[in-house]
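1. When you get a sec, could you give me coordinates for this:
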Amino acid sequence: MILFMYPSYPLTRLLAVTVAVSTALAPLVSAQPSPVTVGINGQYFINNGLVGVGRIPASTKDKFGETLGSFSALTHDASSWKRAANGAYSGTFFMQPNRGYNNPGTTNWRARFFTLAITFNPSSLGSLTQNQVGITVADTTLLTEANGTPFTALDTAAGSAGLRSATGSLPVLPQAFNGRLSLDAEGIVRLPDGTLYISDEYGPYIYKFSAAGVLQAAIRPPAAFIPQRAGADSFASNNPAPDQPAPAPLDPTVGRQNNQGFEGLTLAPDGKTLFALLQSAARQDGGTGGASLTRFNTRLLAYDITTATPTLKGEYVLQLPTTRTAAGATLVCAQSEILAINNTQFLVLARDAGFGHTYPIPTSTYRKILVYDLTGATNIAGTKFDNPANPIAAAGVLDASITPATRTDFIDINDGAQLAKFGLRNGPIDDNNNLSEKWEAMTLVPALDPSAPNDYFLFVGNDNDFITQRGLQDGVAYAHPSGMENDSMLLVYRLTLPGRMPNVSSRAQTGSGANVHVGGFSVTGPKPKQLLIRGVGPGLANFGVAGVLTDPMLEIFNASGEMILANDNWGSATNSAEVRAATIASGAFALTDGSRDSAVLVTLDPGSYTAQVSGVGGATGISLVEVYEVP
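-> Okay, the predicted model is just below:
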């Protein structure tokens with residue numbers, strides 16, 4: 001969507017106009033539960049409801065004969081996603097499990113990811129069959145070092161035995177007592193060439209793997225993230241294998257908390273920035289354990305991955321929500337996944353813990369997907385706060401110099417009316433239709449619906465913790481003590497995200513200096529957009545406008561005030577033929593060949609911009625600023 005900001009309009013009028021446009025773009029859905037619209041920083045997001053469910057039986061085995069596991073993270077191959085003439089969809093997804101079955105302790109299970117063939121037939125009305133999403137496990141790929149040694153799910157060894165020395169381009173890495181690299185995978189991002197970034201909880205690190213699952217590189221975050229005991233790196237998470245020692249002390253003194261590493265990983269739609277999010281606050285920032293009420297200030301990192309060596313370019317504070325349990329206790333809801341809508345807005349899944357299917361208390365009080373916006377948030381990358389001696393939130397109180405990201409609730413996964421459409425529930429009865437405890441994976445695909453160009457399907461997956469009665473891992477059979485099966489599941493929501501407004505414009509008396517004609521606009525949505533931007537003067541005379549600006553100069557500025565493009569006389573531009581074609585495609589009125597009107601054709605990333613028109617040589621007169629999104 002392109003939002004045009006007129007200085008003379010009050011903010012309330014702008015908001016009302018935006019709501020009307022966004023609602024008009026929403027698809028027609030069942031008259032059952034109504035769509036939910038939320039706004040943040042003048043942009044609106046619509047949840048059109050749950051439209052599909054799919055399952056993988058908990059006892060399913062992978063190609064190595066071991067229990068499949070579940071969705072700790074999820075991504076897809078964008079080039080594979082297709083819509084058939086009958087409205088059915090298909091594509092290739094990639095499922096990332098975590099460290100396998102832990103009861104008791106961790107095992108030498110080999111880390112891996114799964115390739116899934118997905119079919120999808122959405123149902124806005126719901127269906128008790130729960131088969132709208134078809135899931136076929138097409139392949140299993142082990143994650144290995146360059147020499148073929150698999151990564152292990154074993155917890156990092158205690159003390160110096162848990163440190164693999166830095167070699168070549170690789171930093172010091174977490175390793176298990178058996179010498180294998182330890183990996184508790186929680187996030188997955190796939191690049192167009194098949195290369196993978198996978199985030200983990202032990203480091204917390206971000207690993208780069210080839211499409212075949214071979215380690216290529218590792219990103220070590222700033223010192224504030226690295227767990228230390230007695231002043232030295234110590235990656236153990238206090239989940240030792242049987243007969244192995246626990247770390248001392250059990251918790252690190254600084255850095256990520258035990259089992260609270262990079263739970264969220266996402267790539268900006270333009271493919272240039274990789275974001276990693278801690279599950280909750282670091283130790284020095286108020287993260288004093290899972291029950292801590294001060295662990296809500298967590299950190300988001302942004303890496304530029306356009307060069308061979310990723311560069312940290314951003315670090316922000318996200319404040320996590322809280323909830324009250326049925327017993328009246330207050331809990332901080334740690335995040336389980338993040339998904340970039342654009343470079344500044346994100347969907348973040350936050351939830352309570354210890355409630356749901358297979359648990360003594362089967363009813364959850366909080367499982368929600370929120371929208372976070374970094375606009376106005378403080379970038380602390382490279383500041384004193386990257387040293388653990390300088391917490392961002394001592395005892396949970398955020399440093400006064402830091403402005404956190406803004407947020408709003410968006411999707412309530414526990415919404416009983418939506419769940420009931422597909423025969424699901426959030427307690428109190430605990431059967432196979434009760435939602436499991438952990439929902440940890442998200443991926444977003446376009447609806448490819450010409451009547452609703454801003455609609456997307458959000459796939460949300462659970463982590464079933466490998467709970468089954470017919471399990472097999474690392475050569476050992478097991479049965480979970482609950483006596484239950486905990487299927488892997490996908491829930492699918494249809495969303496309308498801030499998207500396309502075909503044309504906005506502004507007319508004003510124009511001069512130079514303080515009298516330039518300024519029009520502000522924002523490009524929103526999950527990807528860059530191609531825009532036709534025009535500064536029209538002489539062309540207005542064809543419509544009977546008197547006193548037009550005879551020679552307008554058009555300049556485009558970004559939010560930092562940097563001029564990124566300019567034009568004086570559209571026909572003199574090297575791409576004037578493309579400008580003419582975009583004019584036709586956008587439905588704009590034609591500019592006369594050889595006129596002094598100005599126009600540019602440009603692709604802009606999501607963000608805020610201004611188009612400024614001034615009179616060349618001090619000329620004055622009426623000008624028109626126009627912004628078209630090119631179809």
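
2. Could you use CA atoms for every contact and neighbour count after this?
-> OK.

3. surely L312 meets D304?
-> Yes - the pair L312 / D304 is scored as a contact, 6.3 Å apart, by Cα atoms under 8 Å.

4. And the chain, what are its domain boundaries?
-> 2-496, 503-629 (automatic domain parsing).

5. Off-centre distance for the longest one?
-> The reference is to domain 2-496. Put simply, domain 2-496 sits 9 Å off its chain's centre (Cα atoms, centre = their mean, to the nearest Å).

6. Touching stretch 213-230 from outside, list them.
-> The set of residues external to stretch 213-230 that reach it, using Cα atoms under 8 Å, 6 or more residues apart in numbering, is 112, 141-146, 148, 169-171, 196, 203-210, 233-235, 248-249, 251-257, 282, 310, 385-388.

7. And that stretch, what's buried?
-> By 16 or more other Cα atoms under 10 Å, the buried positions in stretch 213-230 come out as 213-229.

8. What's the mean pLDDT across it?
-> Averaging pLDDT along stretch 213-230 gives 98.

9. Same check on stretch 494-503?
-> Here the average pLDDT along stretch 494-503 is 73.

10. what about the helices in the protein?
-> Counting by DSSP state H, one finds helices in the chain at the ranges 11-25, 416-420, 576-586.

11. And these, which one averages the lowest pLDDT?
-> Mean pLDDT per stretch puts helix 11-25 lowest among these, at a mean of 27.

12. The longest strand along the chain - contacts with which helices or strands?
-> If you go by DSSP state E, the chain has its longest strand at strand 43-56. When contacts are defined as 3 or more Cα pairs under 8 Å, 6 or more residues apart in numbering; DSSP states H and E, strand 43-56 sits against helix 11-25, strand 36-40, strand 133-142, strand 406-412, helix 416-420, strand 488-496.

13. counting contacts, what elements does the third one pack onto?
-> With contacts defined as 3+ Cα pairs under 8 Å, 6+ apart, the secondary structure elements packing on strand 133-142 are strand 43-56, strand 112-120.

14. Nearest to H480, out of these?
-> Among those, strand 43-56 comes nearest to H480, with 17.3 Å by Cα to Cα.

15. Could you pull up the mean pLDDT of that closest one?
-> 96.

16. Tell me the pLDDT of the residue nearest to G354 when sequence neighbours are not counted.
-> Using Cα to Cα, 6 or more residues apart in numbering and skipping the chain neighbours, the partner closest in space to G354 is E437 (6.5 Å). Each residue has a pLDDT score; the one for E437 is 98.

17. residues contacting L490?
-> V53, G54, R55, V133, F459, V460, G461, N462 are the contacts of L490 under Cα under 8 Å, 6+ apart.

18. what about 10 Å?
-> Residues in contact with L490 (Cα atoms under 10 Å, 6 or more residues apart in numbering) are 52-56, 71, 130, 132-135, 439, 441-442, 458-462.

19. Can you flag the buried ones in those residues?
-> Among the contacts of L490, the ones that count as buried (16+ other Cα under 10 Å) are 52-56, 71, 130, 132-135, 439, 441-442, 458-462.

20. what comes up buried for stretch 142-158?
-> 142-145, 150-158.

21. What's the mean pLDDT across it?
-> 98.

22. Tell me how far the nearest residue to L444 once chain neighbours are set aside lies from L491.
-> Spatially, and ignoring its direct neighbours in sequence, L444 is nearest to L458 (4.6 Å; Cα to Cα, 6+ apart). Between L458 and L491 the computed distance is 8 Å (Cα to Cα, to the nearest Å).
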